[in-house]
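Trainee: Could you look at this predicted model? Sequence included:
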Amino acid sequence: MDPVPFQVIPPAGYDLLMLFDYREMDRDRIANLIPAGYPRLHLLAWSMGVWAAAFLLEPLRDRFASAVAVNGTTRPIDDRYGIPSRAYEEMISDFSADTLEAFYQSMFTNRGEAEKFLRNRPRRSVEAVRRELIALRGAYLQHGPAADIFTHKFVGSRDRIFPPRGQIRAWGRDNCTVLPQPHFPFYALPHWGGFLSDG
């Protein structure tokens, strides 16, 4: 992913910093990107970014007034708690422009939202996305499950990327909010404040 699909979402008074492209997982570099001087910081992590944020930002968890996980888990490549290992391996072994297009379509159940995304599609190359997926797999295999740093967890019951049952299993039914949303739920909300919380 990159910032382009998200730029059409009104910020609702928030200053936004988006981190993407997880081909390098350097905690020290990430720490230097988190702005000082803001009285309240909110973290929103999505998809594979849930694990990446938990791994990279765990040492900084006390700086966040809230930390929200959306359609991802701290065990992202896992047969019980994330994307099944075989499905992930098959995806990256045959990754192509067609694979990426099918992935984008699978993120939505609403045609209008899918079309909006495709009008604002990421501007990254297929090869860059493939390398990122391989790097994420390698980092996860090296470091394993991340700590749960999240104060709120949202699970889309219509998610066709991260199986909803696995997400609920990962967080515990009483510890997450299940919404009737697809993997990419952001266009269903009027602005970023719909997922952020002053906790």
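Mentor: It's in.
Trainee: Now do stretch 104-111: everything it contacts.
Mentor: Ala114, Phe117, Leu118, Arg121, Arg158, Arg160, Ile161, Pro182, His183, Phe184, Tyr187, Ala188 (C-beta atoms under 8 Å, 6 or more residues apart in numbering). Placement of C-beta: from N, CA and C, glycine included.
Trainee: Kindly recompute the last result at 10 Å.
Mentor: 1, 5, 47, 71, 113-118, 121-122, 156, 158-161, 180-185, 187-188 (C-beta atoms under 10 Å, 6 or more residues apart in numbering).
Trainee: For it, list every residue counted as buried.
Mentor: Residues Tyr104, Met107, Phe108, Thr109 are the ones in stretch 104-111 that count as buried (16 or more other C-beta atoms under 10 Å).
Trainee: Grab the longest helix from the protein for me.
Mentor: helix 126-143 (DSSP state H).
Trainee: Quick check: closest non-adjacent residue to Thr177.
Mentor: Leaving aside its sequence neighbours, Thr177 sits nearest to Phe154 (C-beta to C-beta, 6 or more residues apart in numbering; 5.3 Å).
Trainee: How much space separates Tyr140 from Pro76?
Mentor: Separation of Tyr140 from Pro76 (C-beta to C-beta, to the nearest Å): 6 Å.
Trainee: Mutual contacts of these two, please.
Mentor: Met48, Trp51, Ala52, Gly82, Tyr88, Ala146.
Trainee: Which pair of those spans the longest distance?
Mentor: The most widely separated members of the shared contacts of Tyr140 and Pro76, counting by C-beta to C-beta, are Tyr88 and Ala146 (16.6 Å).
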